[in-house]
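A.B. asks: Fold the following for me, if possible:
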Amino acid sequence: MAAEVLLDHEQQYKMLEAEILQFVHKPGEIISESSLCQRFGLSRTPARSLLQRLQSNGLIRIEPKRGSIVTKLNLNIINQLIYERFAVETMVLRDYIAACNPADVERVRFLFYQLKDVAAPYFDDREAFDTSRFLTVDLSMHSEWFRRMNLDYLWQRLSSPQSSYTRFCMLDILSGNNVPDVLEEHGQLLHLIESGNTTDLEPLLHRHLYGGIRRIGSRIYTTYVDYFEPFGGDERAAFKET
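C.D. replies: Coordinates of the predicted model:
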């Protein structure tokens, strides 16, 4: 492979991060220093720096005499982060619906139609569909009610890339038929906002945020079992409850 010498350290890191988040490098795979040296035209020290940064963000685990191994997903952490988002976002969106004005609603409507535009290739030309872009615009709609309620810091904390949960969301898009469900549920969220209806908010958000668990379903324990850390009873119980 020709060395990608025109990329600086930040670009090299972002490329590797994106490849791990999108399962180009699968959980359990080894990423060697020598492969990075060859790919990016690096000496050992900057290659090692890239790996150490990936490790600090929970994407790889550096093991002596084994190398740098892409970390596996932790289902217990995924369930806890979904629970946290559901609990917090239900309250924030309830407050938003009570406070929003017509301009706010129009902003959410714009973001919904933007999501539909980004999703269009999924149905018409799958190779042109940009999974990362879809996830970004998906999150943008959610971020709008946090922004409107002056809770930007809280949203940044909830939505910051997380080794297990971010990859689980990506796995859902890649293999869980996520796109049609997300479009439908975002449309329903928009309808609640337009109508000022908070009665149906909690069940809809629960369905939406736990959608990945529902869609991937038992494949967590079969097709994708090698992507996850070993399961305990708590993880299986949490899965069944959702």
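
A.B. asks: So which bits of stretch 160-167 are buried?
C.D. replies: 162-167 (16 or more other CB atoms under 10 Å). (C-beta placed from N, C-alpha, C; glycine too.)

A.B. asks: Ser49: which of the residues you listed is nearest?
C.D. replies: Ser163 (18.9 Å; CB to CB).

A.B. asks: still on that earlier bit, cross the buried residues of stretch 160-167 against helices and list the overlap.
C.D. replies: 163-167 (DSSP state H).

A.B. asks: ok, so of the residues you listed, who is nearest Phe23?
C.D. replies: Using CB to CB, those come closest to Phe23 at Arg167, 7.2 Å.

A.B. asks: hang on, isn't the closest one packed against Leu73?
C.D. replies: Yes. Arg167 is in contact with Leu73 according to CB atoms under 8 Å; the separation is 5.8 Å.

A.B. asks: For the two, list the residues in contact with both.
C.D. replies: Common neighbours of Arg167 and Leu73 (criterion: CB atoms under 8 Å, 6 or more residues apart in numbering): Pro27.

A.B. asks: Just the closest of the buried residues of stretch 160-167 to Lys116, please.
C.D. replies: Thr166 (23.0 Å).

A.B. asks: now that closest one, nearest residue through space, not along the chain?
C.D. replies: Leu21 (5.8 Å; CB to CB, 6 or more residues apart in numbering).

A.B. asks: Now do the phi/psi pair for that neighbour.
C.D. replies: phi -60, psi -30 (degrees, to the nearest 10).

A.B. asks: ok, back up a step: is it possible to get JSON lines of the ones in helices among the buried residues of stretch 160-167 that adds distance to Gln80 and pLDDT?
C.D. replies: Listed next are these as JSON lines, based on distance: CB to CB, whole Å; pLDDT from 0 to 100:
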{"residue": "Ser163", "distance to Gln80": "13", "pLDDT": "90"}
{"residue": "Ser164", "distance to Gln80": "10", "pLDDT": "94"}
{"residue": "Tyr165", "distance to Gln80": "9", "pLDDT": "94"}
{"residue": "Thr166", "distance to Gln80": "14", "pLDDT": "92"}
{"residue": "Arg167", "distance to Gln80": "15", "pLDDT": "94"}
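
A.B. asks: which among these gets closest to Ile97?
C.D. replies: Distances from Ile97 to those, taken by CB to CB, are shortest for Tyr165, at 25.7 Å.

A.B. asks: avg pLDDT for the lengthiest helix in the chain?
C.D. replies: Ordering each helix of the chain by length in residues (DSSP H) puts helix 75-99 first. Mean pLDDT, computed over helix 75-99, is 97.

A.B. asks: Kindly report the same for stretch 30-42.
C.D. replies: Rounded mean pLDDT across stretch 30-42 is 93.

A.B. asks: And it, what's buried?
C.D. replies: 31, 33, 36-37, 39-40, 42.

A.B. asks: With secondary structure and distance to Arg126 as extra columns, can I get those in a markdown table?
C.D. replies: Shown next, in a markdown table, are the buried residues of stretch 30-42 (DSSP: H, G, I helix; E, B strand; the rest coil; distance: CB to CB, whole Å):
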| residue | secondary structure | distance to Arg126 |
| --- | --- | --- |
| Ile31 | strand | 28 |
| Glu33 | helix | 35 |
| Leu36 | helix | 30 |
| Cys37 | helix | 35 |
| Arg39 | helix | 27 |
| Phe40 | helix | 30 |
| Leu42 | coil | 34 |
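
A.B. asks: which among those residues gets closest to Leu190?
C.D. replies: Out of the buried residues of stretch 30-42, the member with the shortest distance to Leu190 (by CB to CB) is Ile31, at 41.1 Å.
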